[in-house]
Structures are given as structure tokens and as C-alpha cells.
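>>> fold the following, please.
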Amino acid sequence: MTDLRDRLRAGDPARTARPLDPDELAAMRRAMATAGPVPRRFPLVVGAVAAVATGVMLAVLLWPADVPPPAVPAVEAAAPLPSAPAPPALAEIRQPRRRAARPAAPAPITPAAVKEIRYVTASGTQILWTFRSSEEGA
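Residues are numbered from 1 along each chain as shown. As a prediction, this is how the structure comes out:
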């Protein structure tokens with residue numbers, strides 16, 4: 001180990017390098033102080049397109065299955081629009097959705113009388129003795 005450490009120290013170029021002049025140090029500090037972060041270029045258009053695409057995807061995925069999507073009326077130039085049908089006399093009444101009943105919780109399990117003795121050696125070996133009551137039949 002010391003041989004490798006000595007070889008690394010002997011080959012270290014920083015040990016034999018001359019120290020920097022005060023002018024060089026000042027120039028480096030000025031360069032670091034004036035350097036600013038490079039702005040990332042992310043066009044607003046790309047962000048807007050990503051937001052619209054995300055909104056459309058969420059609308060498609062979260063649309064309820066029992067409700068059809070809104071229809072887009074077709075516009076014909078020559079044909080007159082059909083008259084709207086009369087509203088039904090009685091509105092459709094839907095029954096509220098009910099959640100499925102949850103199964104009853106199982107009866108709690110009574111723990112058996114179990115005693116354990118753990119022994120850990122200095123090298124990390126673990127020995128575990130388990131003593132159970134005679135009522136278990138084990």
C-alpha cells in the first residue's frame with residue numbers, strides 16, 4: 001500500500017508545478033465572476049404543444065365509459081338543418097351506483113405461545129432456538 005502511495009505522490013504533477021502569479025489568480029477570478037450560466041433554449045411553442053397533447057391524452061383516458069364523447073355536427077351548405085326533436089315528456093331516472101360490499105374481516109388469529117432464544121457469535125453466525133407450547137402439536 002505504501003509503495004503505491006509513494007509512486008502516486010512521485011508522479012503527481014502538482015508537486016513540481018510552480019505556484020500561480022497574483023495576476024494569473026486575479027484573471028481566473030475575474031473570468032469566473034463574469035461567467036454566467038448558459039441559458040437553455042426551450043421554445044415556447046414546444047412547451048405549448050406538449051401541454052395541449054397532455055391535456056388531450058388526459059381527456060381521452062379519463063373520459064367516463066358510459067358517456068359518449070360530444071358529437072361534432074356536420075355542416076352542409078345546401079341542405080337545411082333538421083329541426084330539433086321534441087324533448088321527452090319524462091326524464092330518464094338513473095339509480096345511483098352502489099359500491100360492492102366489502103367482505104367481512106376474518107377473525108383474529110390467536111398467537112401461539114412461542115419462545116425464541118437468539119445467540120450471535122463474534123464472527124456473525126446466528127443460532128436461533130424456538131420453543132413452542134405442547135398444544136400446537138409441533
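
>>> shaky segments in this protein?
1, 40, 65, 67-70, 72-93, 109-112, 134-138 (pLDDT under 70).

>>> tell me the spacing between Arg5 and Val45.
Distance from Arg5 to Val45, counting by Cβ to Cβ, to the nearest Å: 57 Å. All C-beta spots, glycine's among them, are computed from the backbone N, C-alpha and C.

>>> can you show me the helices along this protein?
Secondary structure of the chain (DSSP state H): helices located at 2-10, 13-16, 22-34, 44-62.

>>> contacts for the first one?
In other words, helix 2-10. Contacting residues not belonging to helix 2-10 are listed as Arg15 [Cβ atoms under 8 Å, 6 or more residues apart in numbering].

>>> and that helix, how far out from the chain middle?
46 Å (Cα atoms, centre = their mean, to the nearest Å).

>>> extract the CA atoms of it and return them as CSV.
The C-alpha coordinates for helix 2-10 follow below in CSV (Å, rounded to 0.1, in the frame of the first residue of the first chain):
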residue,chain,number,x,y,z
THR,A,2,2.8,2.5,0.9
ASP,A,3,4.6,1.6,-2.4
LEU,A,4,1.5,2.6,-4.4
ARG,A,5,1.1,5.8,-2.3
ASP,A,6,4.7,6.7,-2.9
ARG,A,7,4.5,6.1,-6.6
LEU,A,8,1.4,8.2,-6.9
ARG,A,9,3.0,11.1,-5.0
ALA,A,10,6.2,10.9,-7.1
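
>>> returning to that earlier point: out of the helices of the chain, which gets nearest to Gly124?
Among the helices of the chain, helix 2-10 comes nearest to Gly124, with 30.5 Å by Cβ to Cβ.

>>> do you know which of the helices of the chain lies nearest Arg118?
helix 2-10 (42.6 Å).

>>> in that closest one, what's buried?
The neighbour-count check on helix 2-10 (16 or more other Cβ atoms under 10 Å) flags nothing as buried.

>>> let me have the helices of the chain in TSV, adding distance to Ile127 as columns.
What follows is the helices of the chain, written out as TSV (distance: least, Cβ to Cβ, whole Å):
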stretch	distance to Ile127
helix 2-10	41
helix 13-16	54
helix 22-34	61
helix 44-62	56
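
>>> kind regards, and thank you for your time.
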